[in-house]
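Participant: Would you be able to build a 3D model of this:
(chains A and B)
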Amino acid sequence: MLSLPCRFRRRRILALVAVLAIAMLVAVACAPAAEEAAPAEEEAAPAEEEAAPAEEEAAPAEEEEAMPAEECTPTGEVKRGGELVFARREEPLTLDPAIPNDNGSIYAIEQIFSALTRPDEDGWGLEPDGAESWDISDDGLVYTFHLREGAKFSNGDPVTAGDYVFALERGRGPESGFAGIFEAIDTIEAPDDMTVVLTLKRPYAPILSVASIFYGAVYPQDVFEADPDGFSSNPVGSGPWMVEEYTRGDRLVLVPNPHYWELGVDCKPLPYLDKVTILYVPETNSRVLGLRNGDFDAMDGVPFNEAAALDAEEGITLHVAPIFRLDYIYLNHQNPPLDSKEFRLALNYAVDRQVILDTVYFGYGEIPNGYWPKMFYHSEDVPLIPYDPDKARELVAESGYNGEPIEILIAAGDTTFEQTAVILQQFWKEVGINAEIVKNDTGTAFDEIVAGNYQTSGSYITSDINDDDELAILMADISNDTSSFFSWYENDEAVELLKKAQSTLDPDERAEYYAQIQEMVYWDGYSVPINYVPAVNAYADHVQNWKNIAPGWWWLRTVWMDQ
Amino acid sequence: MRLLGYIIRRLIQMTPALIGITLFAFLLIQLIPGDPVQIMTGGRASPETIAATREKFGLDRPLHIQYLIFLRNLSRGDLGISITQRGAPITHLVGDRLGPSAFLLTYSALMAVGLAIPLAMYSAQHAEQPIDHAIRIGGMVTLSMPSFWLALLLILLFGLVLDWLPMAGWGEGFFGHLKFLFLPSLAIALYLAPMLIQSLRASLLDVMQADYIEAARAKGLSPTRVMLKHVLRNGLIPTVTILAVNVGWLIGGAVVIETVFSIPGLGRLLVQSVVYRDYPTVQGLTLVFGVLVMGINLLADVSYAIIDPRVVYE
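Facilitator: From the prediction side, this is the model:
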């Protein structure tokens, strides 16, 4: 073997150095960026923890002791501590309560923040949260909320009425994701630090439920104003949890809010757990396998086709909870032949919904008899549109349908609706209605729906508050921003009734109105409702007291682990 | 010296290419129907909110102004803010994801090479014998498997049945990453290695015919030494090219693996941004991908000079 002449050797060494330099450049580009994000979060947490003990020492010792001793008797026993790992199918895109519309963000926000009121244990009723009590004026226009004594944010600052006013104004301002929910409120005032007064434009029964919505959740005005853009990633709230780490695309780690007011069954402050790590695991199979393997303690979004198998598996418990969700086929009433009532009813008569419930949802859910999700004022008495293909054929003939195929628009990748669409296509064919399934990507599909460039489309709707009013009127009032939630459904009589239903404070009167509206609009062929879909979670047997409440999210503060 | 000059010249040439790429991506994504603000606000926001949001993200300005703003921010090292992630700085989003993606890529490339070189050498030395066919057919099988299915099989076997390895996330700390990213890297390597084996084997067989190899054998060198010191170096270059091209593709192409294993990587971020029409993030990612791909190709070109001293750059 000849030895290399000098010049070759030098060149090779230089080349090696060059490659190392480039490799190091790439490594340097990667590492600091990743590490910078983490230390910043870690530095924020200790600072908060240092502030907390100082505050607790300053506050009179009597106040802390008097309450538990006098007002609380232990009603049960739990094992405190432990870390829960919860695999979620969606991730929070922001933790600023005034802005989001996605459940990924909303359900996380509900753990960190509190509002004046909140849904109760199963989610169908309301109970005090940030406000201990409230008075309603005789004319039903002025609501005076008395804030909870001694309530503090997770950074130790006291919660004041001024903070509520700030938060609510932001919640109905130009940044809000749903300013319209506060539409009935005229003014928001804080006559003193412990009182918030809402004055309404007209009597409005849903206001207490609206007062629970996350858009109005409270946070410290000064903290927000110090860094408005940063608040999305570093929030401070008065809910049971505070954020220890928030890495987008990866995880949200929650630790107990040391100043949270609520006590557990053992008369010590909630939450019971030491930490909850909410991982973003979008792939369904990964969530299921991780739960079976013990990597995760709990998961949401259990696929219907695996629910029974998971339930049967030792060590895993299935949790099926009714929530305010309806899967349905949107109909565009301004796009023929959907403008014909006979045609729309034919679409309903033609379908045996039990088949869809069994094959697509594996029996989970209930056949709907209304046009909004099943909530407090749902009427069981409204008759279901039966499966009657002959009647459907009659109606098709009456409607003058010319045989031109109608389009079923689905967002690509939505397997539930892809299956449902195929079944619908079959049923509709049998009564002479031709349908084509069009799959577009989510963004394009959404665009077309908003613009009204569709005929029928499969999707779902959920309610943010536990009052029927939000959706009932959103979906049926063509004069609102969404044109009856993209259905262009016009029915003045229904809108009249809806307005009456929201302005009377008498629950029996409201029930009557909503029953009427439900029957009227459902039997008008508003949509083709498919299923009142429940939430299906699963968790390891050692997880106790898992609760998925009806508005959609979980009560993580009362979960404990028997380990 | 010449090589260093070459590297610097290539780096400078990257700049106009990157501008071209980002401009192209910018125009392309504007052509797809779909309004990021509408998608983000989900249909319940008031017209005031929608207008205010458009203003906040500069979407109400004319297209060429938007692009110029992007360039101006870039000159300050700022990639802008994400629409979908509600104002989160894109530099942070990309920074957080770059680590996992880079680690995954490097790990899988090393694994693929670690698998490919010995198997290709063995295959070449025993060409046309049963073991050679077995290696090649095995490679064809793992190459043809859909990656998510292969990934799920690995999770099932090593995560559930054997419970040796974790199935989601990318772990903490260097050794945590090594453990958590083992299966995802293996999934990628099982796809990559067959391509490398095929090319390397062919190239090795070619080189093995050469006269100087026969001379080396005649001198009395052991077959292993011949293979390692002489055959391999001469046959490696085409395979390096294939590796570089594939790794470049994998920067974004690993999205399926990232989704199955819940790794917060760049591929997933890109797909999510395109689906939700998050224009600024798509822009920022295109730029980053451009830099990475070009960087990898540069690395490959430089490595040719190392492997083969005869290669000289002007």
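
Participant: ok, then the element right after the helix or strand of chain A with the lowest mean pLDDT?
Facilitator: Scoring the helices and strands of chain A by mean pLDDT, DSSP states H and E places helix A:61-71 at the bottom, with a mean of 43. Once the chain leaves helix A:61-71, the next helix or strand it forms, by DSSP states H and E, is strand A:83-88.

Participant: Would you mind confirming that A:Gln544 makes contact with A:Arg80?
Facilitator: No: counting by Cβ atoms under 8 Å, A:Gln544 does not reach A:Arg80; the two are 11.5 Å apart. For every residue, glycine as well, the C-beta is placed using N, CA and C.

Participant: overlap in contacts of the two?
Facilitator: A:Trp560 (Cβ atoms under 8 Å, 6 or more residues apart in numbering or on different chains).

Participant: so where do the helices sit in the stretch 151-300 of chain A?
Facilitator: Assigned by DSSP state H, counting those that start in this stretch, the stretch 151-300 of chain A shows helices spanning A:161-171, A:207-210, A:221-226, A:284-293.

Participant: For A:Gln544 and A:Arg80, work out which one has more neighbours and name it.
Facilitator: Using other Cβ atoms under 10 Å in any protein chain shown as the criterion, A:Gln544 and A:Arg80 rank with A:Gln544 on top: 16 against 13.

Participant: Which residue, neighbours along the chain excluded, lies closest to the more buried one?
Facilitator: A:Trp560 (5.1 Å; Cβ to Cβ, 6 or more residues apart in numbering or on different chains).

Participant: wait, what's in contact with that neighbour?
Facilitator: A:78-80, A:82, A:272-273, A:544-545.

Participant: Buried only: go through these for me.
Facilitator: Neighbour-count burial (16 or more other Cβ atoms under 10 Å in any protein chain shown) applied to these gives A:78, A:82, A:272-273, A:544-545.

Participant: wait, which of those is closest to A:Glu110?
Facilitator: A:Leu273 (16.1 Å; Cβ to Cβ).

Participant: List the buried residues of stretch A:263-273.
Facilitator: For stretch A:263-273, the buried set under the neighbour-count rule, 16+ other Cβ under 10 Å, comprises A:264-266, A:269-273.

Participant: So which of those residues are in strands?
Facilitator: When these are checked against strands (DSSP state E), there are no matches.

Participant: show me where pLDDT drops low in chain B?
Facilitator: Along chain B, segments meeting pLDDT under 70 span B:1, B:314.

Participant: at 80 what do you get?
Facilitator: Applying pLDDT under 80 to chain B flags the ranges B:1-2, B:42-43, B:224, B:227, B:229, B:252, B:311-314.

Participant: any idea how far B:Ile29 is from the residue in the stretch 201-314 of chain B that chain A sits nearest to?
Facilitator: Scanning the stretch 201-314 of chain B for proximity to chain A using Cβ to the nearest Cβ identifies B:Pro264 as nearest, at 3.7 Å. According to Cβ to Cβ, to the nearest Å, B:Pro264 and B:Ile29 sit 22 Å apart.

Participant: With A:Ser137 instead?
Facilitator: 53 Å.

Participant: ok, now A:Val265?
Facilitator: From A:Val265 to B:Ile29 the distance is 54 Å (Cβ to Cβ).

Participant: Spell out which parts of the stretch 101-250 of chain B neighbour chain A.
Facilitator: Residues of the stretch 101-250 of chain B lying near chain A by Cβ under 8 Å from any Cβ of the partner chain: B:102-103, B:152, B:155-156, B:159-160, B:163, B:166-170.
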